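Asker: Model the following, please.
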Amino acid sequence: MITQIAEAITNHYNNASELNSALTGGLWFMQASDDSDTPYGVFFFGGSTVDEIMGTANNKIEQVELQFNLFSNEDDGGYKVANLARLVSEAFDWQEVDVNDYTTIKMQRVNTQPIIFVDDFWQVTIIFELHILKE
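Answerer: Next up is the predicted model:
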């Protein structure tokens with residue numbers, strides 16, 4: 001399931017032209033490349049919980065937490081990462097994310113952390129919940 005979700009997020013990002021153009025260093029799963037340009041993003045599988053529903057053992061909704069971390073070293077007071085946070089929200093919040101072998105119930109932004117400046121990078125974290133049902 002984790003691999004299918006990572007592929008779905010990557011494919012969705014690749015089709016989100018405005019976000020894809022803005023993240024010139026790319027969107028990476030778990031860890032960015034050492035030579036990534038900025039701005040770039042990294043997303044993480046933050047775990048999942050199961051909500052079983054009536055029927056067979058496959059009748060369960062997986063509630064998956066996904067975390068997106070965005071980074072920029074622009075000397076702009078955090079404006080670039082704030083704009084990137086907006087673009088990530090527009091690309092993923094309440095959008096259909098196609099996960100192989102699953103039906104997407106919802107993809108919802110649940111939290112945006114404050115913009116911070118650490119180690120010469122502006123950073124922001126956005127957390128989503130992806131609810132999927134095994135087909």
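
Asker: For the most centrally placed residue in the chain, give me its contacts.
Answerer: Centroid-nearest residue in the chain, with CA atoms, centre = their mean: Phe68, separated by 4.5 Å. Counting by CB atoms under 8 Å, 6 or more residues apart in numbering, Phe68 makes contact with Gly41, Val42, Phe43, Val88, Phe92, Thr125, Ile126, Ile127, Phe128. Every residue, glycine included, has its C-beta placed from N, CA and C.

Asker: Checking Asn69 next. Helix, strand or coil?
Answerer: strand (DSSP: H, G, I helix; E, B strand; the rest coil).

Asker: for Asp98, same thing?
Answerer: Taking three-state DSSP, the label given to Asp98 is coil.

Asker: give me every residue that touches the spatially closest residue to Asn59 that is not a sequence neighbour.
Answerer: Spatially, and ignoring its direct neighbours in sequence, Asn59 is nearest to Ile53 (4.9 Å; CB to CB, 6 or more residues apart in numbering). When contacts are counted by CB under 8 Å, 6+ apart, Ile53 touches Asn59, Lys60, Ile61.

Asker: If any of those are buried, put those into a PyMOL selection.
Answerer: In PyMOL, a selection of the buried entries from those looks like this (16 or more other CB atoms under 10 Å):
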select buried, resi 60+61
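
Asker: Let me have the contacts of Ile53 in CSV, extended by secondary structure, pLDDT and distance to Pro114.
Answerer: Output for these, formatted as CSV (DSSP: H, G, I helix; E, B strand; the rest coil; pLDDT from 0 to 100; distance: CB to CB, whole Å):
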residue, secondary structure, pLDDT, distance to Pro114
Asn59, coil, 80, 39
Lys60, strand, 86, 35
Ile61, strand, 91, 31
